[in-house]
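Chemist: Here is a sequence together with a model predicted from it:
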Amino acid sequence: ALAETLEHFLAAQQNAFVYFGGAPRKVMVDNLKSAVLSHPAGQPAIFNPRYLDFAAFHGFAIKACNVRKANEKGRVENAVGYVKKSFLNGLNLTSLEAVNTAARRWLDEVANVRIHGQTRQKPVELWTLEKPKLLPLASGVYDVGLVRSVHATNRCRVVFDTNRYSVPHEYASCRLSLRAYPD
C-alpha cells in the first residue's frame, strides 16, 4: 500500500504549502509508512528516504510522534473530530468541487472566525501572526510521482492499479518504468 499512498501524501502536503504560501519549519508526523519506515520504542525514527528528500526540498524538519503516545497528536485528533461534527455532519455533496466550495465557505464563515476552545482567539487572527513565520515556498515544484517497474505484455499493455493501459508497439514484452501521480 505504500506505493499507492506516498505520492498522495507528498502531493497533499505540497498543495497545503502552496495554499498557505509557505512551509512550516517542522512537520510532526504519526508513524505512517509514507513518512516513517520504523520507529522502535525509545529509539529514533527511521524516515522514508523519499520523505526526507521532500522535506529537504521544502526546508522543513521532520519529527515523528513517539510510539504509543497518543497525547502527542491530540490536537490533530481533536481537529478531525471538530471537522466531522461541524462541517461534515449531514453534508451530502457529490463532487470534489462541491466539497471544496463548501469547505472554503465553512472555513471563512465558521471555523476561522470562531473563538478557538484552547487558544481563546480567532484562528484568522492567529494566522496573521503565524504566516510570516513560514519558510518561503521552494522554487519549482517537487516531483511527487513514483516510479514503478512494469512489464508490457506482447499485446502492448501494462497493468497499473488493476487497469490495463496501451503502450507503443515497440515496447511490447519489455520491462518499463512507469511514473505514477496522484491524479
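Modeler: Happy to help now that I have it.
Chemist: C-alpha from now on. contacts and neighbour counts both.
Modeler: Fine.
Chemist: Please report phi then psi for Leu93.
Modeler: phi -110, psi 140 (degrees, to the nearest 10).
Chemist: Now for the residue nearest to it when sequence neighbours are not counted, how many residues are close by?
Modeler: Once flanking residues are discounted, Leu93 sits nearest to Val99: 6.1 Å by CA to CA, 6 or more residues apart in numbering. Val99 sits with 15 neighbouring residues when counted by other CA atoms under 10 Å.
Chemist: Could you say which helix or strand holds Val99?
Modeler: helix 96-106 (DSSP states H and E).
Chemist: Does Ala23 touch Leu137 like I think?
Modeler: Yes. Counting by CA atoms under 8 Å, Ala23 touches Leu137, with 6.4 Å between them.
Chemist: residues shared between the contacts of these two?
Modeler: Phe17, His58 (CA atoms under 8 Å, 6 or more residues apart in numbering).
Chemist: just to revisit the earlier point, please determine how far the residue nearest to Leu93 is located from Leu107.
Modeler: As judged by CA to CA, to the nearest Å, Val99 and Leu107 stand 12 Å apart.
Chemist: cool, Thr162 as well?
Modeler: Using CA to CA, we find Thr162 at a distance of 37 Å from Leu107.
Chemist: which one of the two has more residues nearby?
Modeler: Leu107 (15 against 7).
Chemist: Would you mind measuring from that one to Gln13?
Modeler: On the measure of CA to CA, Leu107 and Gln13 end up 19 Å apart.
Chemist: Tell me which residues touch Ala55, please.
Modeler: So Ala55 contacts Ala61, Ile62 (CA under 8 Å, 6+ apart).
Chemist: and it, which of the three is it?
Modeler: helix (DSSP: H, G, I helix; E, B strand; the rest coil).
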